[in-house]
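Q: fold the following.
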Amino acid sequence: MPISRSTLGTVFVGGALSVTLAALAYPSMLGVQNVSTNPARVIANTQWGPLTEADRNFVVFVRSAGLWEGPSGDLAMKKGTTAAVREAGRHLVIGHAALDASCRKIAPELNITIPNQPTPQQQGFLATFQSDTGKQFDTDFANTLRITHGSIFNTIAKIRSTTKNTLVRALADQANDVVLDHITQMEKTGLVNFDQVNFQETTPPKLPASQVTPPVPQPGAPMVALTVPPGLPTAGVPTGPADPAATPSPSASPTTG
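A: The predicted structure follows:
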């Protein structure tokens, strides 16, 4: 089953993700003057444990991902030609609303500036979905979202296994449940081309940093919030084990000196 050339040609995920975000996720706005290439570098000591570059970038990425994947789910509910595609859209909308609420809650506690817009590349994905019709929409939607979720799944596991920050750890727990559900929903559409998806996940094209970095929010701009539309049933959609702000006491992760 073919995937549109324009969509596959701009998919950028996997290993390059952590490299790009580690260098560009709003360092100056966090008081970091010199950005290292070491994601394990501690950039702040908080009551919830040390915060590393990788931790901060993970929160930024989860927020950025939701800003385009949530609207993509809304499009799928409206434009999907099969019940499976529309159901996958429902899961995206509900799951990313839950993750977004967690990001917006913990970001100020950790002094992390989060974006109000997805990256230019992610905006391009949305534009493709908006212009697609019929079966082409179904195919582009299922494969693009399977690629992006499949790649971030590995990043979630790494953050979960290495972070010493309890808020970030809880967000990784939540993201693990939500992203695994979304991967499953894309596969249930029956439209995933696994050969092409696996190729894109393991050999992503290199794009300019400007294409894969979320725009810095304008000062004073209202915070964009992803919410579940009134009346949309949420039954059967995993949203994660817990609220990341309701974590164990700070003593569970001692800060570094």
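
Q: which stretches in this protein count as helices?
A: Ranges of helices in the chain, per DSSP state H, are 5-9, 15-24, 53-79, 83-109, 120-131, 134-162, 166-188, 194-202.

Q: okay, those helices in JSON lines with mean pLDDT next?
A: Converted to JSON lines, the helices of the chain look like this (pLDDT from 0 to 100):
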{"stretch": "helix 5-9", "mean pLDDT": "53"}
{"stretch": "helix 15-24", "mean pLDDT": "38"}
{"stretch": "helix 53-79", "mean pLDDT": "97"}
{"stretch": "helix 83-109", "mean pLDDT": "97"}
{"stretch": "helix 120-131", "mean pLDDT": "96"}
{"stretch": "helix 134-162", "mean pLDDT": "96"}
{"stretch": "helix 166-188", "mean pLDDT": "97"}
{"stretch": "helix 194-202", "mean pLDDT": "91"}
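
Q: make JSON lines out of those helices and add mean neighbour count and distance to V216.
A: For glycine as for every other residue, the C-beta is placed from the backbone atoms N, C-alpha and C. Converted to JSON lines, the helices of the chain look like this (neighbours: other Cβ atoms under 10 Å; distance: least, Cβ to Cβ, whole Å):
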{"stretch": "helix 5-9", "mean neighbour count": "14", "distance to V216": "27"}
{"stretch": "helix 15-24", "mean neighbour count": "18", "distance to V216": "10"}
{"stretch": "helix 53-79", "mean neighbour count": "23", "distance to V216": "11"}
{"stretch": "helix 83-109", "mean neighbour count": "21", "distance to V216": "14"}
{"stretch": "helix 120-131", "mean neighbour count": "17", "distance to V216": "13"}
{"stretch": "helix 134-162", "mean neighbour count": "21", "distance to V216": "22"}
{"stretch": "helix 166-188", "mean neighbour count": "22", "distance to V216": "21"}
{"stretch": "helix 194-202", "mean neighbour count": "15", "distance to V216": "28"}
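
Q: minimum distance to V224: which of these has it?
A: With Cβ to Cβ, the closest approach to V224 among the helices of the chain belongs to helix 53-79: 6.8 Å.

Q: which residue is the nearest non-sequential neighbour of I152?
A: V179 (6.2 Å; Cβ to Cβ, 6 or more residues apart in numbering).

Q: that neighbour: what's it in contact with?
A: Contacts for V179 (Cβ atoms under 8 Å, 6 or more residues apart in numbering) come out as H149, I152, F153, I156.

Q: how about P238?
A: With Cβ under 8 Å, 6+ apart, P238 has these contacts: G95, D177, V178, L180, D181.
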